[in-house]
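**Student:** Following is a predicted model, sequence given first.
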Amino acid sequence: MAREYKLHSTTPTTPRIDYKAELNEQQHAAVTAPPGQTLVIAGAGSGKTRTLTYRVAWLLDNGVLPEQILLLTFTNKAAREMLERVTMLVPVDIQRLWSGTFHSIGNKFLRWNSERLGYRKGFSIMDREDQKDLLETVVTNSGIDTEGIRFPKAEVLGDIFSMADNTCESIEEIVATRYPYFDKLIDDITKLRKLYQKKKVETNCMDFDDLLTQSVRLLKENEDLRERYQRQFEFVLVDEYQDTNRLQCEFIEMITGKDGNLMVVGDDAQSIYSWRGADVTNILNFHEQWPRARVFKIEVNYRSVPEVLELANASIANNRAQIRKNLQPAREGKGTLPALVPLDSGSAQASFVCQRILEQQDEGVELNEVAVLYRAHFHSMELQMELTSRGIPFKITSGLRFFEQAHVKDVACFIKFAINRRDEVSFMRMVKLIPGIGGASANKVWNEWLKTEAANAEVMTGKFSDLLIPMTVPKKARETWDQFAYTLDELIVDGKPATPPEMIRSIYDGVYEDYMRAKFKNAEQRQQDLEQLSNYSSRFTDPLEFLSNLSLLSGVDTENKPDQQEERDAVTLTTAHQAKGLEWHTVFAIWMADGMFPHARAVEESDLGLEEERRLFYVTVTRAKDELYLTYPVLNHQARDGDILMKPSRFITELSADLMEKWNVRSGW
DNA sequence: GTTCGTTGCCTTTTT
DNA sequence: GGCAACGAAC
């Protein structure tokens, strides 16, 4: 006979949450859905994050261990925010929970198991620029004649390969559908892809897409790993499912298993990443892949006033491919309609936005509650200048992320090379910083380096300087070259890498300070960036982990900003894409002119392109809680063609005029 | 042959 | 403002 024995928990018992009281009926149904496969269709502003958060809390509340939960989100920031909210509901050590983007989770798997794929330990991660550099050398060494004909540049090749990876289609299919003008070059492109893949293994580097393709390969080819991970991750949750692609879908399948517990949450009306290979059919045909899946809908919008929501609903109704939803407002109307504001010029538009922001501030709206959204980064230029000259603080999600800035990448390439001594891209970047060394000389020293033992050894035993200084370099470069070699010595102490902050200090003091002063006008500003980088790095003892985080997290500044900066009251400037999941009291959507939004190129592509632009417009307007301004300049001044007459966006003209109020703005004198 | 400054052209969205 | 192509200087 068996005896029942209970082990008392040393932590206080989890407080039971009153889920019924804190959630609406639809949310409650999704949160407490039984195990199995679940699709949650959640409209804009319907408490999608809230639902997922409570789902995680509910699982923990029902005895699921944090380690058994895998939470996949679109950005690392979203994962962090969700986990922070979970801890407010239930006492749990969120470190134990697995959460993050597909790439960061894939990276974790690969760090443990890269040898099984023919890689060495401690591979480097290449960003798009590194990828481009490596592809350039692959093309040059391939012997393929790229002269005369219109041969795709390295960047375009990277896009083609990436698209093939993410959609799990062949090069032939990708070229046929997206790059028909390269039709005759398919053989060359396919050959280059093979060469590139080989080169990545040789240099022990992975690009962003490898983090996923190789993870999927790893799980497909190794039954033991597949079983182990499937057993561990009892509950898999996926956010923003409408923006997943074929490859991510396979990843989910591998990690969940045919009968696993999977909950995906998304809104097909907000699918805006097809250009990156996202496939709306993932969400539209979810039940075909998972026949026993339950479907829940959440159709109450808590965010926006009815006036804003009506405009959004009317707009998205023009799209054909979608799941019909009936999004209902929970809030009371205010009686003011969204504003349609034509302005004379781009600068008038900037002035208008600034003036309205100041007026709003007087009315008690904090700057944190105001955002300006646009289709493309360069749309914000004029506004940035105007805001600066008026002294209105703003924070901008810029085109370049922290890690992508030249000076940060420069410093990182020293660390990368010191750790992965086959990292050709980093080596090249590093030595080309030396005055007098360009591509040709760099190639020569690289080939010499490859012949040394240190390039192939697991651990670095000798000194870099002993190997590098005897090499022949141009006379002009000699002195700096030696200095570089000694700097590298400081990065590896007794075969062990120094700590990240020590490395950064050595690189900066040893060589980079001089370089930066000579090269950049704003050296002061960049020095502060590196200071911040060093601060950030101090939390890591393993440089590899530091580097992974640097390339996979969206940036140091968002991750580790001193409170003062983070809390500072400021207007947000962002692209519509990056505004995903966020909300503000007042939203200005600027450059709402045809050709700008929708973007001219997206319209040329196909009907599908236009529908995606409309979904992006839908995302834009549904960010507004109370006030929405749609502005566009009537005249667009261009350096080459002079003034061009602009028409309002077709997304505005196709709407009934009584959904908004037109403002006639006149300039003062 | 190699490096480096100058000129002219173009500008979507990102993990 | 960023990048490729071109041409001058080493």
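**Tutor:** Structure received. Numbers count the residues shown, from 1 in each chain, chains lettered A, B, ... in the order given.
**Student:** Relative to DNA strand B, how far out is A:Asn420?
**Tutor:** Separation of A:Asn420 from DNA strand B (CB to the nearest atom of the strand, to the nearest Å): 21 Å. The C-beta positions use only the backbone N, C-alpha and C, and glycine is treated the same way.
**Student:** right, and that residue touches A:Ser426 too?
**Tutor:** Yes - between A:Asn420 and A:Ser426 a contact is recorded at 7.5 Å, counting by CB atoms under 8 Å.
**Student:** These two - which one has more neighbours?
**Tutor:** Remark: of A:Asn420 and A:Ser426, A:Ser426 carries more neighbours, 26 against 21, as counted by other CB atoms under 10 Å.
**Student:** Dihedrals phi and psi, the more buried one?
**Tutor:** Dihedral pair for A:Ser426: phi -70, psi -40, per degrees, to the nearest 10.
**Student:** any idea how far A:Gly43 is from it?
**Tutor:** The gap separating A:Ser426 from A:Gly43 is 46 Å, by CB to CB, to the nearest Å.
**Student:** From A:Val619, how far out is the residue of the stretch 501-650 of chain A found nearest DNA strand B?
**Tutor:** Using CB to the nearest atom of the strand, the single residue of the stretch 501-650 of chain A nearest to DNA strand B is A:His577, 3.7 Å away. According to CB to CB, A:His577 stands 8 Å off from A:Val619.
**Student:** Now the closest residue to DNA strand B within the stretch 1-150 of chain A: closest residue in space, sequence neighbours ignored.
**Tutor:** Using CB to the nearest atom of the strand, A:Thr101 is the residue of the stretch 1-150 of chain A that sits closest to DNA strand B, at 3.3 Å. In this structure, A:Thr101 finds its nearest non-sequential neighbour in A:Asn76, 5.8 Å apart by CB to CB, 6 or more residues apart in numbering.
**Student:** remind me, longest strand of chain A?
**Tutor:** Determined from DSSP state E, the single longest strand within chain A is strand A:624-633.
**Student:** Quick one, grab the pLDDT at the residue nearest to A:Ser506 when sequence neighbours are not counted.
**Tutor:** Of all residues not flanking A:Ser506 in the chain, A:Glu490 sits nearest, at 4.1 Å (CB to CB, 6+ apart). Looking at A:Glu490, its pLDDT stands at 91.
**Student:** so A:Glu490 is in which element?
**Tutor:** Assigned by DSSP states H and E, A:Glu490 belongs to helix A:478-491.
**Student:** which other helices and strands contact that helix?
**Tutor:** Packed against helix A:478-491, as judged by 3 or more CB pairs under 8 Å, 6 or more residues apart in numbering; DSSP states H and E, are the following elements: helix A:406-419, helix A:424-431, helix A:464-468, helix A:500-507.
**Student:** For DNA strand C, find the nearest of those.
**Tutor:** Nearest of these to DNA strand C, taken as CB to the nearest atom of the strand: helix A:406-419 at 8.3 Å.
**Student:** So for the closest one, what gets flagged as buried?
**Tutor:** In terms of neighbour count (16 or more other CB atoms under 10 Å), helix A:406-419 has its buried residues at A:407-419.
**Student:** Closest to A:Leu311 out of those residues?
**Tutor:** Minimum distance to A:Leu311 across the buried residues of helix A:406-419 is 41.2 Å, recorded for A:Val408 (CB to CB).
**Student:** what residues does the longest strand of chain A touch?
**Tutor:** Residues outside strand A:624-633 that contact it (CB atoms under 8 Å, 6 or more residues apart in numbering): A:303-305, A:308, A:311, A:334, A:336, A:338-346, A:348-349, A:352-353, A:356, A:360, A:583-593, A:596, A:621, A:646, A:648-649, A:652, A:660.
**Student:** near DNA strand B, which residues of the stretch 101-250 of chain A show up?
**Tutor:** A:101-104, A:128, A:208 (CB under 7 Å from any atom of the strand).
**Student:** So for those, which is the shakiest by pLDDT?
**Tutor:** A:Arg128 (84).
**Student:** which residues touch the closest residue to it other than its chain neighbours?
**Tutor:** Computed as CB to CB, 6+ apart, the closest residue to A:Arg128 that is not its neighbour in sequence is A:Gly158, at 6.7 Å. A:Gly158 makes contacts with A:128, A:131-132, A:135, A:207, as judged by CB under 8 Å, 6+ apart.
**Student:** Tabulate these (TSV), appending distance to A:Glu173 and neighbour count.
**Tutor:** Below are the contacts of A:Gly158 laid out as TSV (distance: CB to CB, whole Å; neighbours: other CB atoms under 10 Å):
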residue	distance to A:Glu173	neighbour count
A:Arg128	23	14
A:Gln131	21	26
A:Lys132	23	17
A:Leu135	21	26
A:Asp207	20	22
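**Student:** Tell me the one among the residues you listed nearest to DNA strand C.
**Tutor:** Of all these, A:Lys132 has the smallest distance to DNA strand C: 7.5 Å, by CB to the nearest atom of the strand.
**Student:** pLDDT score assigned to the closest one?
**Tutor:** 86.
**Student:** Cool, thanks, talk later.
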